[in-house]
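**Student:** model this:
(one chain, ligands or ions: 1)
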Amino acid sequence: MPTQLQHAREGTVTDAMERVAARENRDPEFVRQQVADGQAVIPANDHHDALDPMVIGREFATKVNANIGNSETTSSREEELRKLHAAVHYGADTVMDLSTGDDLDGIREMNVEHSPVPVGTVPIYEAVTRVDDVLHITPELLLDVIEKQAEQGVDYMTIHAGVLAEHLPLTDGRTTGIVSRGGSILAQWMEENGAQNPLYTHFESICEIFREHDVTFSLGDGLRPGSLADAGDDAQFAELDTLGELTRVAWEHGVQVMVEGPGHVPMDQIRENVQRQQAVCDGAPFYVLGPLVTDVAPGYDHITSAIGATEAARAGAAMLCYVTPKEHLGLPDAEDVRDGMAAYRVAAHAGDVAAGLPGARDWDDALSEARYNFDWERQFDLALVPERAQSYHDQTLPGDNYKDARFCSMCGVEFCSMRIDQDARDADGDMEAIDGQVDLSESPAASVNLPPTGTHDTSRVPDDLADHDHPTDELSADD
Ligand code: SF4
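**Tutor:** I've put the predicted structure just below:
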């Protein structure tokens, strides 16, 4: 069966493209053209029955991925299902199952079966679990794992094919070395075997597997910077050049491609990073992890990274990989998934508004209108996380009678500025124009609310004040 890319090139608008167009409020022909040109991807494995197709591309709403998955020390099938539900409930557009612990096949199959959003994986993680030493991973094992996961219905896979042996010395002297799990595993393999990256040497074989099942490449950034000090170094950009080359190879095979990006990047370098990837990879969608704009806030890295993610989205990144408060510290649980998702939905939307994506601000305008009209129920419904908005409101004003109140507990009845503003307006919602000619002495307010100007007690001011250069010094001396 042809891939979405092959269909698009042939001029066919698929059911998936129709569905995506409806969800994005765009013309199906526009979606087809974007996919045909490699500027957007629709990750949709033929075997993923529960999938509701979505699109990733800079011309569409910025998407958010949530990483889930177990580790060798923590988590279970039930907990993984909870995380999947939390991620989708809080708005994840895709999920990546990054499991590295037990029951990899069972958890992956469960995720594909239950997920309405595309599921991504990093196949080298499973390859590592199948050998007693990383050294013993073979190209055949990697292809075997990739093919099995493709048959299981995985929609996109991170393939770290751009980490080349000749790039590794470029990481010498880095503050944080190689921080990508896939990148570090492959670097160790290349160093110990004295051979080139097998994902690079066998890239065309991977393309054939992906084409058969319509799996989308997520070309991994195995040499991404893990600290501000390493951002934008030669290793990062040497790998990016290789990713550009591999993008074109995949396209020749009719396979969809997106490209992953950093990581940790100072705020002032983010736009340049996005523009460079877009130029090197001919506009293939950019999928960025954060980036974190500072290294100093473990425990709050959903915030440090959401700041960078907003700028990346504004500059043209197509998908953001969320970061949770547990980043650098531990395996996220369902609550961390919720907090990470909320931060990233804000980042994606704020980026779209700032970039002027058609219709992006309608949501803001609708919520602001509900807010000004004291339509509390609608404000809750429109909120990014409705249940949180309502629970915060109801903590202090729980009764139903407060659902149409013209105030909340923040300013209270007397000081609610929106209530005061509305009361000051006429029936049409307008303020009366003030021409500045009103005689305030005629106003009843004038006698009780005179401004203080000109009412100083001057009895202690020296008569010759005007002759002194520093009158306040003089006053102090007299005191
Ligand atoms: S009381 Fe203050 S915070 Fe609450 S609705 Fe009025 S202006 Fe807004």
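**Student:** how about the closest residue to Ser205 other than its chain neighbours, what does it touch?
**Tutor:** Sequence neighbours aside, Leu143 is the residue nearest to Ser205 in space, at 5.8 Å (criterion: C-beta to C-beta, 6 or more residues apart in numbering). C-beta coordinates here come from the backbone N, C-alpha and C atoms, glycine included. Contacts here follow C-beta atoms under 8 Å, 6 or more residues apart in numbering; on that basis Leu143 touches 202, 205-206, 209.
**Student:** in CSV: these, plus secondary structure, neighbour count and pLDDT.
**Tutor:** Output for the contacts of Leu143, formatted as CSV (DSSP: H, G, I helix; E, B strand; the rest coil; neighbours: other C-beta atoms under 10 Å; pLDDT from 0 to 100):
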residue, secondary structure, neighbour count, pLDDT
His202, coil, 16, 98
Ser205, helix, 17, 98
Ile206, helix, 29, 98
Ile209, helix, 18, 98
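**Student:** I'd like those residues as JSON lines, with distance to the ligand appended.
**Tutor:** Formatted as JSON lines, the contacts of Leu143 follow (distance: C-beta to the nearest ligand atom, whole Å):
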{"residue": "His202", "distance to the ligand": "59"}
{"residue": "Ser205", "distance to the ligand": "60"}
{"residue": "Ile206", "distance to the ligand": "55"}
{"residue": "Ile209", "distance to the ligand": "56"}
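**Student:** for the residues you listed, which one is nearest Ile42?
**Tutor:** Ile209 (18.3 Å; C-beta to C-beta).
**Student:** OK, contacts around the closest one?
**Tutor:** Contacts of Ile209 (C-beta under 8 Å, 6+ apart): 143, 146-147, 150, 215.
**Student:** and the residues you listed, which are buried?
**Tutor:** Buried by 16 or more other C-beta atoms under 10 Å: 143, 146-147, 150, 215, out of those.
**Student:** and which of those is nearest the ligand?
**Tutor:** Of all those, Val215 has the smallest distance to the ligand: 48.8 Å, by C-beta to the nearest ligand atom.
**Student:** was I right about the closest one contacting Asn45?
**Tutor:** Yes - contact criterion C-beta atoms under 8 Å: Val215 and Asn45 qualify, at 5.8 Å.
**Student:** which residues do the two both contact?
**Tutor:** 150, 154-155.
**Student:** closest one to Ala8 out of those, please.
**Tutor:** Asp155 (16.6 Å).
**Student:** would you agree Pro332 is in contact with Met341?
**Tutor:** No - Pro332 is not in contact with Met341 according to C-beta under 8 Å; the separation is 10.4 Å.
**Student:** where exactly do the strands run in this protein?
**Tutor:** With strands called from DSSP state E, the chain shows them at 40-41, 56-57, 63-68, 94-97, 119-121, 156-159, 216-219, 257-261, 286-289, 319-321.
**Student:** among these, which is nearest the ligand?
**Tutor:** Of all the strands of the chain, strand 63-68 comes closest under C-beta to the nearest ligand atom, at 28.4 Å.
**Student:** helices or strands up against the closest one?
**Tutor:** helix 77-89, strand 94-97, strand 319-321, helix 334-355 (3 or more C-beta pairs under 8 Å, 6 or more residues apart in numbering; DSSP states H and E).
**Student:** tell me the mean pLDDT for the shortest one?
**Tutor:** It refers to strand 319-321. Taken as a whole, strand 319-321 carries a mean pLDDT of 97.
**Student:** can you list the neighbours in contact with that strand?
**Tutor:** Contacts of strand 319-321 (C-beta under 8 Å, 6+ apart): 56, 62-65, 67, 93-94, 96, 258, 260, 285-290, 309, 312-313, 344, 347-348.
**Student:** tell me the contacts of Leu384?
**Tutor:** 91, 342, 345-346, 349 are the contacts of Leu384 under C-beta under 8 Å, 6+ apart.
**Student:** hmm, I was thinking of Asn45
**Tutor:** 51, 118, 150, 153-155, 213-215.
**Student:** most neighbours out of the residues you listed, which is it?
**Tutor:** Highest neighbour count within the contacts of Asn45: Val215, with 33 neighbours (other C-beta atoms under 10 Å).
**Student:** for Thr176, see how far away the closest residue to Ile178 other than its chain neighbours is.
**Tutor:** Among residues not flanking Ile178 along the chain, Ser184 sits closest, at 4.5 Å (C-beta to C-beta, 6+ apart). Ser184 sits 11 Å away from Thr176, going by C-beta to C-beta, to the nearest Å.
**Student:** these two: which has the busier surroundings?
**Tutor:** Ser184 (18 against 15).
**Student:** tell me, how many residues neighbour Ser218?
**Tutor:** 30.
**Student:** show me what it bridges to in the sheet.
**Tutor:** Bridge pairing for Ser218 (DSSP bridges) gives the partners Thr158, Met258.
**Student:** please look at it and Ile159 and confirm they touch.
**Tutor:** Yes - with contact defined as C-beta under 8 Å, Ser218 counts as touching Ile159 (7.2 Å).
**Student:** check Ser459 and give its pLDDT.
**Tutor:** So, for Ser459, pLDDT stands at 65.
**Student:** and for the one 5 residues further on?
**Tutor:** Per-residue confidence for Asp464 comes out at a pLDDT of 50.
**Student:** need the nearest residue in space to the residue most central in space within the chain, chain neighbours excluded.
**Tutor:** Closest residue to the average C-alpha location of the chain: Leu320 at 3.3 Å, with C-alpha atoms, centre = their mean. Nearest non-adjacent residue to Leu320, counting by C-beta to C-beta, 6+ apart: Ala309, 4.4 Å away.
**Student:** enumerate every residue touching that neighbour.
**Tutor:** Ala309 neighbours (C-beta under 8 Å, 6+ apart): 288, 290-291, 317, 320, 344, 347-348, 351.
**Student:** pLDDT check: weakest of those residues?
**Tutor:** Gly290 (92).
**Student:** got a list of what Met190 touches?
**Tutor:** Here Met190 is in contact with 163, 165, 168, 196-197 (criterion: C-beta under 8 Å, 6+ apart).
**Student:** distance of it from Asp144?
**Tutor:** Taking C-beta to C-beta, one finds Met190 at 20 Å from Asp144.
**Student:** how many residues are close by whichever residue of the stretch 51-200 of the chain sits closest to the ligand?
**Tutor:** Nearest to the ligand in the stretch 51-200 of the chain, going by C-beta to the nearest ligand atom, is Tyr90, at a distance of 24.8 Å. When neighbours are counted by other C-beta under 10 Å, Tyr90 registers 21.
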